[in-house]
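Peer 1: the sequence isn't on hand, but the structure is:
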DNA sequence: TCTGGGGTCCTAGGACCC
DNA sequence: TCTGGGGTCCTAGGACCC
């Protein structure tokens, strides 16, 4: 049976949500009407644009560029810091409203979701009418606008919501692909990023239509499985379903740019310990253990290296992870090139339910796990900073690292 | 004066086993 | 003793999403 799928996308998400909040403060200003961006802190060396207003976009300011470069384009640019707590809160409200129009809603990122509208027509009218009701409800209750794309699968709905913005509803049914999607530049297709775009342009494919109509075997040879995928997408083919099930994590990681470039190993390890605390507490909260530990280092010159280590057992205590991290840092880094950023990742995750007994093979691990358990409980009750390792007391970086969890974004449907 | 952060998937090469 | 082929696991790096 044919389905009706909506993709709903909050317009300039972070910026709108910060704007809505600032409207209630004095002096009232609507960030959306002036050149403005949400940007990271330049002081802690994270000065990039996270989101921009439409007037800022018109001046050529793009997500991901440095604030320095953005200011060159617009000296009067207003920069506000991100407020991830606010964004998570708005995201939840946004989801709740959409959920009142269909039980089948899938969160795709902090500001995007898919809604399966199939069978909802008796309640809210034909798709366009239903979409309009959703859009109006969000505007009146939450104060920001959305784009809604309507089609028969997720890929086409997502492509449709990306058409003209803001506050618009678009359809992209299969019989409209040729007219509405094929003329678009190749880079507009979902899953065609910078590198793939370049490769496609090299062989003369500059529109989605040209990709759709080229021989799929050529694409398979040229770009392997990714070539096959985007060829399907260019033809509007996507069989994935809207699902409400939360998929278990396959990996959990945390990283950070450091307050300055680090040349001292002891100091780097202190930052690494902070990140171990964070990533391990998330691991335990998920009720899983990991057997692979990863360390990635970005150097001063922005080059990047990573090493991983497969362990013989599954671990979840901060100390066990930290001990593997220390080995990996020593492998990766001789101390010559200053380090700009470090990331710690855990993968090959298994649920603790299935193998809890295999852990207690040595008393030291057992002790650590007990301590971590108590620390986690205290933190759950009294906040993250109620208890801190002696070596990290008064550490500003440590306090910031643990402050909040940055949202993540999926790259597959 | 440089370019954040979190997550998934793919690929190529090498090791190792039979 | 001049040496195949398949399977699996591990690792590093790179692609993508916003």
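Peer 2: Cool, the structure landed. Quantities reported herein were computed from a predicted structural model and do not represent experimental measurements.
Peer 1: so is stretch A:243-261 next to DNA strand C?
Peer 2: No - using C-beta under 7 Å from any atom of the strand, stretch A:243-261 never reaches DNA strand C; the gap is at least 9.9 Å. C-betas here are computed from N, CA, C, even on glycine.
Peer 1: and the residue of chain A nearest DNA strand C?
Peer 2: At 2.6 Å from DNA strand C, residue A:193 is the closest residue in chain A, using C-beta to the nearest atom of the strand.
Peer 1: what is the neighbour count of the residue nearest to residue A:73 when sequence neighbours are not counted?
Peer 2: Nearest non-adjacent residue to residue A:73, counting by C-beta to C-beta, 6 or more residues apart in numbering: residue A:59, 5.1 Å away. Counted with other C-beta atoms under 10 Å, the neighbours of residue A:59 add up to 13.
Peer 1: wait, residue A:59 sits on residue A:75?
Peer 2: No - the pair residue A:59 / residue A:75 is not scored as a contact, 10.6 Å apart, by C-beta atoms under 8 Å.
Peer 1: SS state for residue A:163?
Peer 2: Taken by DSSP: H, G, I helix; E, B strand; the rest coil, the conformation at residue A:163 corresponds to coil.
Peer 1: wait, it sits on residue A:149?
Peer 2: Yes - between residue A:163 and residue A:149 there is a contact under C-beta under 8 Å: 7.3 Å.
Peer 1: so these two - more neighbours on which side?
Peer 2: For the pair residue A:163 and residue A:149, the greater number of neighbours falls to residue A:149 (26 against 17), based on other C-beta under 10 Å.
Peer 1: quickly list what the residue in chain A positioned nearest to DNA strand B is bridged to.
Peer 2: Residue nearest to DNA strand B within chain A: residue A:66 (2.0 Å; C-beta to the nearest atom of the strand). Under DSSP bridges, the beta-bridge partners of residue A:66 are residue A:48.
Peer 1: let me see the contact set for it.
Peer 2: By C-beta atoms under 8 Å, 6 or more residues apart in numbering, the residues touching residue A:66 are A:47-49.
Peer 1: turn those residues into CSV, including neighbour count and pLDDT.
Peer 2: Converted to CSV, the contacts of residue A:66 look like this (neighbours: other C-beta atoms under 10 Å; pLDDT from 0 to 100):
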residue, neighbour count, pLDDT
A:47, 18, 90
A:48, 17, 90
A:49, 22, 91
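Peer 1: so which of the residues you listed also contact DNA strand B?
Peer 2: Near DNA strand B, by the rule C-beta under 7 Å from any atom of the strand, you find A:47-48 out of the contacts of residue A:66.
Peer 1: can you give me the helices in the stretch 151-300 of chain A?
Peer 2: Secondary structure of the stretch 151-300 of chain A by DSSP state H, counting those that start in this stretch: the helices cover A:154-161, A:194-202, A:208-212, A:216-234, A:265-285.
Peer 1: out of those helices, deepest packed?
Peer 2: helix A:154-161 (a mean of 26; mean count of other C-beta atoms under 10 Å).
Peer 1: for that one, give the mean pLDDT please.
Peer 2: In this model, helix A:154-161 has an average pLDDT of 96.
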